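Student: Build me a model:
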Amino acid sequence: MPDPGVDRAWAATAYEGAPRRLVAALKFGRRLALAEVAAEAIAASLPGDWPEATLVPVPADPLRHRLRGFDAAHEIARGLGPPVLPVLARAPGRRQVGRPRSERLAGPVVRAIGEVPSRAVLVDDVITTGSTLAACAAALRAGGSQEILALAFARA
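Tutor: The predicted structure follows:
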């Protein structure tokens, strides 16, 4: 995995079996209550020294967000509690799902659309190559974030 540009990353579980089915049901089956289940799993798995910070959801591709009517990472972040600050925007692009690893490594184009917090915790459903986290971290750093952490429900 490339350096995601975050100071510390944590995933609650491996992306296989039941966790994989949970993510699929959340994102593709629109079972929004599962975002709370993912948030609870993340919270229960965190090490005791995990610092508090502003939660910044990893933005979905705009087309996927419109088609689904929600953003899975934002819903998971809301389940983790305030403060949630959606200050990142993602440019339209090809779906990450199903793309070869070499193409996924290029990552999406992400930019800050508001004032970024000094200490940010990126929240996502799944970490695969780390390229999306890297793009989000770069946008946060460019906006002035000093410390960037990352949480995800699962890691591939």
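
Student: Quick check: chain neighbours aside, which residue is closest to Val37?
Tutor: Distances taken as CB to CB, 6 or more residues apart in numbering put Leu22 closest to Val37, at 6.6 Å, once the chain neighbours are dropped. In short, each C-beta sits where N, CA and C put it, glycine included.

Student: Quick check: that neighbour vs Thr129, distance?
Tutor: Applying CB to CB, to the nearest Å, one obtains 21 Å for the distance of Leu22 from Thr129.

Student: likewise Ala25?
Tutor: Separation of Ala25 from Thr129 (CB to CB): 23 Å.

Student: can you check Arg90 too?
Tutor: The spacing between Arg90 and Thr129, counted by CB to CB, is 16 Å.

Student: do the same with Glu16
Tutor: Taken as CB to CB, the span from Glu16 to Thr129 is 16 Å.

Student: try Tyr15
Tutor: Separation of Tyr15 from Thr129 (CB to CB) stands at 12 Å.

Student: swap in Val121?
Tutor: According to CB to CB, Val121 stands 20 Å off from Thr129.

Student: on that earlier part again, who has more neighbours out of Ala25 and Thr129?
Tutor: Applying other CB atoms under 10 Å to Ala25 and Thr129 shows that Thr129 carries more neighbours, namely 20 against 14.

Student: that's a strand at that one, yeah?
Tutor: No: Thr129: not assigned to a strand; according to DSSP: H, G, I helix; E, B strand; the rest coil it is coil.

Student: mind checking how far stretch 138-156 is from the chain centre?
Tutor: 9 Å (CA atoms, centre = their mean, to the nearest Å).

Student: quick check: mean pLDDT across it?
Tutor: Taken as a whole, stretch 138-156 has a mean pLDDT of 96.

Student: End to end on that stretch, go ahead and measure it.
Tutor: For stretch 138-156, the first-to-last residue distance is 22 Å (CA to CA, to the nearest Å).

Student: Identify each buried residue in it, please.
Tutor: Buried residues in stretch 138-156, counting neighbours by 16 or more other CB atoms under 10 Å, are found at 138-141, 143, 145, 147-155.

Student: and the gap between the closest residue to Ala38 other than its chain neighbours and Lys27?
Tutor: Of all residues not flanking Ala38 in the chain, Phe153 sits nearest, at 4.0 Å (CB to CB, 6+ apart). According to CB to CB, Phe153 and Lys27 sit 11 Å apart.

Student: Fine, thanks again, bye for now.
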